[in-house]
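[1] I need the structure of the sequence given here:
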Amino acid sequence: MDIAVKRPILIGGLGLSASLWLLDVVHHMPMDGSLILGAIALGSGLWWWQQRQSIVVPTAPQQITVERNAIDQALERTDKLIDLLLSEDSAAATQADIYRTERERLLDSLERTSLNIAITGSQATGKTALLNCLQESSSSVTVTEQPTDMGEADLVLLLVSGDMTASELNRLETLIAEGYQTLVVLNKQDRYTPMDRAVVLDSIRSKLTARGVDVVAISANPNPIKVRRHLESGEISESFEQPEAQIAELTQQLNSFIAEPAPLVMATTLRQTQALQWRITQTLNEYRRQKAIPVIEQMQWIAAGTAFANPIATVDLLATAAINGQLVLDLGAIYGQKFSMDQAKAAAGTIAELTVKLGLVELASQALGSVLKGHVTTYLAGGALQGISAAYLTRLAGLTLVDYFEEQSLLEPNEPDFKGLGVRLQSLFQKSRQSLALKDFVTQALPHLPTAAAS
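    Presented below is the predicted three-dimensional model:
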């Protein structure tokens, strides 16, 4: 297939930039730099502005009941990911078989009737005491104390010993977001007066209502109480006795789960299926990245040669926009993200706008210029810095897109919006400046500049 058909944005953009350069040479430049910049940004600038107007207010994650059809859909998507992995590279067959076996195990786990319960919480909330109580009182569940990793837990008991702190709420929201069914347990209730206990419970409930989580109050290891006895001799004897654990409300809740384990088991299966999907996608992205890096390198050297050959900054900008647009199409195809021509152009415009807004053009020129001074002959060549800077910024744009596409592949398929590209672009730039990457990049770039190659 002709390359112009395969890469229409790249060929069209570079062809136009060459035409504009020739026109400028004979003093017939049709428009100044600001007009061309406006033409490039016309399709993307308004789109970007509109995107920024949509402010999403974060809300607390809510614990929900998992339906069987959600699991069936998740398992079906898992099958598609495994098939996609197999189609990506034949070398992935062994790993795909492992993933498919795990998928079958998850399907079988839906028939499970036993429950796994994990206890977590801050220090000194009474986790060990509650663990001992539950292990003695029930043989129908497996109870473990898990400070951080919940593992196979169908239900997580989050222990608190007072009104919930910000860190405890954050911990709860993390558990909910990760798909764990959670119950908050107020331990050491015997330390409160009845009125104070009611106030604390009301405060906790007010925080949990929007999150769909319940709270129960217990005393897993009540404080010893002083007991006075009147002896036959008329004397009074005082001693401390250990009251029995007060966990009846919690036991009642657990018994209801034991009697009907399916909702908890389905929630666990869905969470584990999603975790499996994540691992498959990570493996898939490793193969995709191996294909993406050569594409980025090809485009960065095209950018270097184009910028070196065309001394006009405005033409350089047009060529860079064309290269970035083609990068969106090519990398999107590798990562299974389909884009229309207009979407690719809009994304390229967004990258160009972000590069200017973040001041990366100037910063890259300064950083690369200081490195390039060590190569005296090349540095004196007028287009050398411009060419290497264009290649470097193109590489950053490509790696930013790879980072974005890899994250998108972990989500449910949806319409791409390219939010967060600026943060990724700036982060990658800062990382590369703080290492020896710039010096290595200059060394790699020099052979791709005609003057450098000849010197």
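
[2] what are the ranges of the helices in the stretch 351-455 of the chain?
    Using DSSP state H, counting those that start in this stretch, the helices of the stretch 351-455 of the chain run over 360-372, 376-380, 384-408, 421-433, 437-445, 450-454.

[3] For residue 88, which non-adjacent residue is spatially closest?
    Nearest in space to residue 88, with sequence neighbours left out and distances taken as Cβ to Cβ, 6 or more residues apart in numbering, is residue 287 at 4.8 Å. The C-beta positions use only the backbone N, C-alpha and C, and glycine is treated the same way.

[4] Same check on residue 173?
    The shortest distance from residue 173 to any non-neighbouring residue, by Cβ to Cβ, 6+ apart, is to residue 61 (5.4 Å).

[5] which residues does that neighbour contact?
    173, 176, 177, 211 (Cβ atoms under 8 Å, 6 or more residues apart in numbering).

[6] residue closest to the middle of the protein?
    Residue closest to the average C-alpha location in the chain (Cα atoms, centre = their mean): residue 407, at 5.9 Å.

[7] still on that earlier bit, ok, the residue nearest to residue 173 to residue 172 distance?
    The gap separating residue 61 from residue 172 is 9 Å, by Cβ to Cβ, to the nearest Å.

[8] shared neighbours of those two, which are they?
    Joint contacts of residue 61 and residue 172 (Cβ under 8 Å, 6+ apart) are residue 211.

[9] returning to what we had before: just the buried ones out of the contacts of residue 61, please.
    With neighbours counted by 16 or more other Cβ atoms under 10 Å, these contain buried members at 173, 176, 211.

[10] Please identify the helix or strand for the residue nearest to the second one when sequence neighbours are not counted.
    When the adjacent residues along the chain are set aside, residue 176 lies closest to residue 61, with 4.3 Å between them (Cβ to Cβ, 6+ apart). Assigned by DSSP states H and E, residue 61 falls within no helix or strand.

[11] about what we covered before: and the contacts of residue 61, which two are the farthest apart?
    Spatial extent of the contacts of residue 61 (Cβ to Cβ) is set by the pair 177 and 211 at 10.5 Å.

[12] Please parse the protein into its domains.
    According to automatic domain parsing, the chain comprises the domains 3-56+288-454, 115-260.

[13] In terms of mean pLDDT, which of these ranks lowest?
    Mean pLDDT per stretch puts domain 3-56+288-454 lowest among the domains of the chain, at a mean of 67.

[14] Tell me which other helices or strands the one helix or strand residue 77 maps to touches.
    For residue 77, the host element (DSSP H and E) is helix 68-88. Packing contacts for helix 68-88, counted by 3 or more Cβ pairs under 8 Å, 6 or more residues apart in numbering; DSSP states H and E, involve helix 93-109, helix 262-309.

[15] Please identify the most buried of these.
    Compared across the helices and strands packed on helix 68-88, helix 262-309 shows the largest average neighbour count, a mean of 19 (mean count of other Cβ atoms under 10 Å).

[16] Measure how far stretch 62-75 is from the centre of its chain, please.
    Centre-to-centre, stretch 62-75 and its host chain are 21 Å apart (Cα atoms, centre = their mean, to the nearest Å).

[17] Quick check: buried residues in that stretch?
    Per 16+ other Cβ under 10 Å, stretch 62-75 contains these buried residues: 63, 66, 70, 71, 74, 75.

[18] ok, so of these, who is nearest residue 326?
    Among the buried residues of stretch 62-75, and counting by Cβ to Cβ, the member closest to residue 326 is residue 74, at 35.1 Å.

[19] Touching, the closest one and residue 277? I think so.
    Yes: contact criterion Cβ atoms under 8 Å: residue 74 and residue 277 qualify, at 7.2 Å.
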